[in-house]
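Peer 1: Build the 3D model from these lines:
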Amino acid sequence: MSLGFNSDVPVGDDVFHVQTENYGGPQYTIVTLVYHRGRILHRRNSNYSDLIAAAGLSEESLNSRVEDQHRSVVEEIRRGAISVPSESVPSNNSGSQGIQVRLRNAGSWFSAGQASLDLEVIQRKGSTPVKGATVEAFLTGSRGGAHCEAETGIDGLARIQFAVPNAAANGTELVIRARAGESQATDEIRFVLRPRQSGSTKTPKNLAKQERE
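Peer 2: The predicted model follows:
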């Protein structure tokens, strides 16, 4: 299964980051996000249930669909169809609006085939809890993986729960994203699933944290 595509697209003095991923089933959705200076500028979703319904679905045809969507968005940026509204360009002080998402139970998030993610969203400056932030979590490259969302409370906390498919392979990534309301400030963390050294191959995974983008 395709893990997606990432591109940096320079346009004049700006650089846009384009990220396209296949969320897998049961939604069978391809999502492309365009980031500009840490904020989500554009989002595009498409459903590929037609490929699932067709006989003989191949990884090649799905990867081609993911790549076509990614390339289409990149070309729209280059020709100016996707651009930054002048009033949306942040000032030099915009860093104060940055947020950080944390997984509070990284050592105990998985049990009996179920993921229970205790998440926290705070402001990078001052560590103040962020109320009403949208947090989402999913596993990359997994047909049976869920794509779930929740909203933080007044304490900046949220919980996301979903079933982890047995087919989740070594190297699959747990992706957690946060978006803070009207400011659209974003943060993302990724963890690579690793088999436990002494456990069953069907059960649990350890998390190896990756660098933020």
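
Peer 1: hey, what's the spatially closest residue to Glu188 that is not a sequence neighbour bridged with?
Peer 2: With Cβ to Cβ, 6 or more residues apart in numbering as the criterion, Glu188 has its nearest non-adjacent residue at 4.6 Å, and that residue is Arg177. Heads up, the C-betas are built off the backbone N, CA and C, glycines and all. Judged by DSSP bridges, the bridge partners of Arg177 are Glu136, Glu188.

Peer 1: surely Arg177 meets Asp187?
Peer 2: Yes - at 7.3 Å, Arg177 and Asp187 qualify as touching, with contact defined as Cβ atoms under 8 Å.

Peer 1: where do the contact lists of those two overlap?
Peer 2: Val101 (Cβ atoms under 8 Å, 6 or more residues apart in numbering).

Peer 1: Looking at the two, which one has more neighbours?
Peer 2: More neighbours surround Asp187 than the other of Arg177 and Asp187, with 23 against 18 (other Cβ atoms under 10 Å).

Peer 1: So what's the predicted local confidence for that one?
Peer 2: The model reports Asp187 with a pLDDT of 86.

Peer 1: For Arg71, see how far away it is.
Peer 2: As judged by Cβ to Cβ, to the nearest Å, Asp187 and Arg71 stand 27 Å apart.

Peer 1: Given the host helix or strand of Thr32, what are its sheet partners and their directions?
Peer 2: Using DSSP states H and E, Thr32 maps to strand 29-36. When pairing is defined by DSSP bridges, strand 29-36 lines up against strand 14-22 (antiparallel), strand 39-47 (antiparallel).

Peer 1: In this structure, which helix is the longest?
Peer 2: helix 59-78 (DSSP state H).

Peer 1: Tell me the first helix or strand C-terminal of that helix.
Peer 2: Trace forward from helix 59-78 with DSSP H and E and the next one is strand 99-103.

Peer 1: which strands and helices sit next to that next one?
Peer 2: Using 3 or more Cβ pairs under 8 Å, 6 or more residues apart in numbering; DSSP states H and E as the contact test, the elements touching strand 99-103 are strand 114-123, strand 173-180, strand 185-195.

Peer 1: And for that strand, what's in contact with it?
Peer 2: Under Cβ under 8 Å, 6+ apart, the answer for strand 99-103 is 109, 117-124, 130, 133, 135, 176-178, 180, 185-189, 191, 207.

Peer 1: Next secondary structure after it?
Peer 2: strand 110-111.

Peer 1: picking up where we left off before, compare the mean pLDDT across the strands paired with strand 29-36 and name the weakest.
Peer 2: strand 39-47 (a mean of 84).

Peer 1: Drop anything exposed from the contacts of strand 99-103.
Peer 2: With burial judged by 16 or more other Cβ atoms under 10 Å, the buried subset of these is 109, 117, 119-123, 130, 133, 135, 176-178, 180, 185-189, 191, 207.

Peer 1: how many neighbours does Val73 have?
Peer 2: Other residues near Val73 come to 25 when the count uses other Cβ under 10 Å.

Peer 1: Ile30 too?
Peer 2: Residues near Ile30, counting by other Cβ under 10 Å: 24.
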